[in-house]
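K.L.:
this one's structure only:
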């Protein structure tokens, strides 16, 4: 077996053993991959947190499958109108913004229609 003279990609320790070895052990390998993905995961986690908070707000304000609420109630609960899982356009040209199993549509200037669907 040839002696490896490279360094661990995570901790920098001199490696011995296989010539293609990249890490000291599983711990260094796991930590290195965690560091590589940490920044991507931070963004995803922050978006998911906003989505879940928005969903909980819609859930708390909706009494049944269709509920009309004042837009100021959503604003007071710090609802983020810019983040949603998708947008749905009906045949009648109405646009609903979707958050998982809830959707909402701004009606007029001051009201929001919340729909629960499964």
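P.N.:
Looks like it arrived, so ask away. This one's a predicted model, so the numbers in the text were calculated from it and none came from an experiment.

K.L.:
just give me the residue right at the centre of this structure.
P.N.:
In the chain, the C-alpha closest to the average C-alpha coordinate belongs to residue 48, at a distance of 2.5 Å (C-alpha atoms, centre = their mean).

K.L.:
let me know the secondary structure of that one.
P.N.:
helix (DSSP: H, G, I helix; E, B strand; the rest coil).

K.L.:
quick check: it vs residue 79, distance?
P.N.:
Taking C-beta to C-beta, to the nearest Å as the measure, residue 48 falls 16 Å from residue 79. Yep, even glycine has a C-beta here, placed from its N, CA and C like the rest.

K.L.:
cool, residue 10 as well?
P.N.:
42 Å.

K.L.:
for residue 31, same thing?
P.N.:
Residue 31 is 38 Å from residue 79, by C-beta to C-beta.

K.L.:
equivalent analysis for residue 12, please.
P.N.:
Applying C-beta to C-beta, the value for residue 12 to residue 79 is 47 Å.

K.L.:
same drill for those two, tell me which one is more crowded.
P.N.:
residue 79 (20 against 10; other C-beta atoms under 10 Å).

K.L.:
which pLDDT value goes with the more buried one?
P.N.:
pLDDT recorded at residue 79 is 97.

K.L.:
quick one: contacts for it?
P.N.:
Applying C-beta atoms under 8 Å, 6 or more residues apart in numbering, we find residue 79 in contact with 54, 57-58.

K.L.:
okay if I get those residues as CSV plus neighbour count, pLDDT and distance to residue 67?
P.N.:
Listed next are the contacts of residue 79 as CSV, based on neighbours: other C-beta atoms under 10 Å; pLDDT from 0 to 100; distance: C-beta to C-beta, whole Å:
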residue, neighbour count, pLDDT, distance to residue 67
54, 25, 97, 15
57, 22, 97, 12
58, 24, 97, 9
